[in-house]
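Asker: Coordinates for the following, if possible.
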Amino acid sequence: MTTLPTSALMIHFKDYEQYHGHKSNKACHYIGVPTVMFSLIGLLSYVILWAPSLDFGIESLFRIDLGILVCLWGCIFAFRVDRKLSIPFTLFIYLNYLISRHLSIGTLVAIQIVGWVFQLVGHYVYEKKSPAFLTTLSHLFVGPMWIFAKLIGYYKA
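Answerer: The predicted structure is shown next:
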């Protein structure tokens, strides 16, 4: 990606970075944030709110569950703060949803635990600060965007 992030996204990223200055904490987050996000979306996909009754076996393509609603909420947030990043980020989030919703609850719980271990080690062993989302819940969406933007080269701190 060639253009710079929007000022709205930069404000979120700069605020998020105040909680992530230590290089080992950042390394922990490169593992912890994606695994927590991936497994949370998968776990929430088990809470089905509506599913059509179709006779040709594709009901799951049209169902509405909490996982897809959280994905949609995150993608709307991404679109509001940076439209250019939101397009590949939305595709990435949706791919995570499609994969994670087919895993067993036990597997998703194990992935969730591993992710949180990395997060907590990063914050309490290396950073010596509480996680950012404890002060601002929007950081639950900013964190995955921050990791994604850095991985694709859209943002360099």
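Asker: Can you check which helix is longest in this protein?
Answerer: Assignment by DSSP state H gives helix 23-44 as the longest helix of the chain.
Asker: Helix or strand next in line after it, which one?
Answerer: Under the assignment DSSP states H and E, the closest C-terminal helix or strand after helix 23-44 is strand 48-50.
Asker: ok, that following strand: who's next to it in the sheet?
Answerer: strand 64-65 (antiparallel) (DSSP bridges).
Asker: what's the next helix or strand after the partner strand packed up against?
Answerer: Using DSSP H and E, the helix or strand that follows strand 64-65 in sequence is helix 66-81. Contacts defined by 3 or more Cβ pairs under 8 Å, 6 or more residues apart in numbering; DSSP states H and E place helix 66-81 against helix 7-17, helix 23-44, helix 83-100, helix 139-151. C-beta coordinates here come from the backbone N, C-alpha and C atoms, glycine included.
Asker: Out of those, which is closest to L120?
Answerer: Evaluated with Cβ to Cβ, those place helix 23-44 nearest to L120, the distance being 8.3 Å.
Asker: Show me how far that closest one is from its chain's centre.
Answerer: 7 Å (Cα atoms, centre = their mean, to the nearest Å).
Asker: List the buried residues for it?
Answerer: By neighbour count on 16 or more other Cβ atoms under 10 Å, the buried set for helix 23-44 is 25-26, 28-29, 31-44.
Asker: for stretch 74-83, same thing?
Answerer: Buried, per 16+ other Cβ under 10 Å, within stretch 74-83: 74-75, 77-78, 81-82.
Asker: Among the residues you listed, which one lies nearest to T6?
Answerer: D82 (4.6 Å).
Asker: So for the closest one, what's the pLDDT?
Answerer: In this model, D82 is scored at 94, pLDDT.
Asker: nearest residue to it other than its sequence neighbours?
Answerer: L9 (4.0 Å; Cβ to Cβ, 6 or more residues apart in numbering).
Asker: Spell out which residues sit in contact with that neighbour, please.
Answerer: 81-82, 85, 145, 149, 155 (Cβ atoms under 8 Å, 6 or more residues apart in numbering).
Asker: thought V121 was touching H29?
Answerer: No. Using Cβ atoms under 8 Å, V121 is not in contact with H29, being 10.3 Å away.
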